[in-house]
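# Quick one, what's the 3D model for this:
(one chain, ligands or ions: 1)
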Amino acid sequence: MKKLIIINGPNLNLLGKREPNIYGSLTFNEFFETVKEKYPQVNLEHFQSNVEGEIIDKLQETGFSYDGIILNAAAYTHTSVGIGDAVKAIETPVVEVHISNTFDREEFRHKSYISPNAKGVILGFGLQSYELAIQSFL
Ligand code: DQA
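The predicted structure is shown next:
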């Protein structure tokens, strides 16, 4: 059974409440339960943190044994050399995901410290971006 983890960064715990015009009105847990039912052949975990170092710790912890990491580092995508370095340091392939089309937004969201070391990038498909990332590992 494939072991995958979705790692979500800051403010993604507010999905459903946060700027629903951009991020939708579903909570992440509601979405996660549906996806787990849809892919029973996958051992799928979820971790969320608002703290940069905790995201790095989780990448290190899972990055040598899991089959895939789906990472939405949220705002840290655009700022964190540390998370970018962690993605480079680990062995497990990382697919970078964003709910919104970051290239259709402010200029500062066009830069990603993760993309250069990601296996691939999926963005702009709403929560479906996560599902497309899961499919990429199957
Ligand atoms: C995001 C895009 C980021 O620019 C933003 O800071 C987020 C969410 C997305 O999923 O669309 O918090 O990663």
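# Spell out which parts of this protein neighbour the ligand.
Within reach of the ligand by CB under 6 Å from any ligand atom, the chain has these residues: 11, 72, 74-75, 77, 98-100, 102, 109. Quick note: C-beta positions are derived from backbone N, CA and C, even for glycine.
# Among these, name the ones in strands.
Of these, the ones assigned to strands by DSSP state E are 72, 98.
# could you point out which element follows the helix or strand where residue 36 lies?
Per DSSP states H and E, residue 36 falls inside helix 28-38. Later in the chain than helix 28-38, the nearest helix or strand by DSSP H and E is strand 42-48.
# helices and strands around that following strand, which ones?
On a contact count with 3 or more CB pairs under 8 Å, 6 or more residues apart in numbering; DSSP states H and E, strand 42-48 meets strand 2-8, helix 28-38.
# Mind listing the strands the first one pairs with, and their directions?
If I follow you right, that is strand 2-8. Note on strand 2-8: by DSSP bridges, its sheet partners are strand 42-48 (parallel), strand 68-72 (parallel).
# got those strands as CSV, with mean pLDDT, mean neighbour count and distance to residue 113 columns?
As requested, these are exported to CSV (pLDDT from 0 to 100; neighbours: other CB atoms under 10 Å; distance: least, CB to CB, whole Å):
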stretch, mean pLDDT, mean neighbour count, distance to residue 113
strand 42-48, 98, 17, 19
strand 68-72, 98, 25, 11
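# Would you write out the PyMOL command that picks the buried residues out of the residues of the chain next to the ligand?
Here is the PyMOL command that selects the buried residues among the residues of the chain next to the ligand (16 or more other CB atoms under 10 Å):
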select buried, resi 72+74+77+98+99+100+102+109
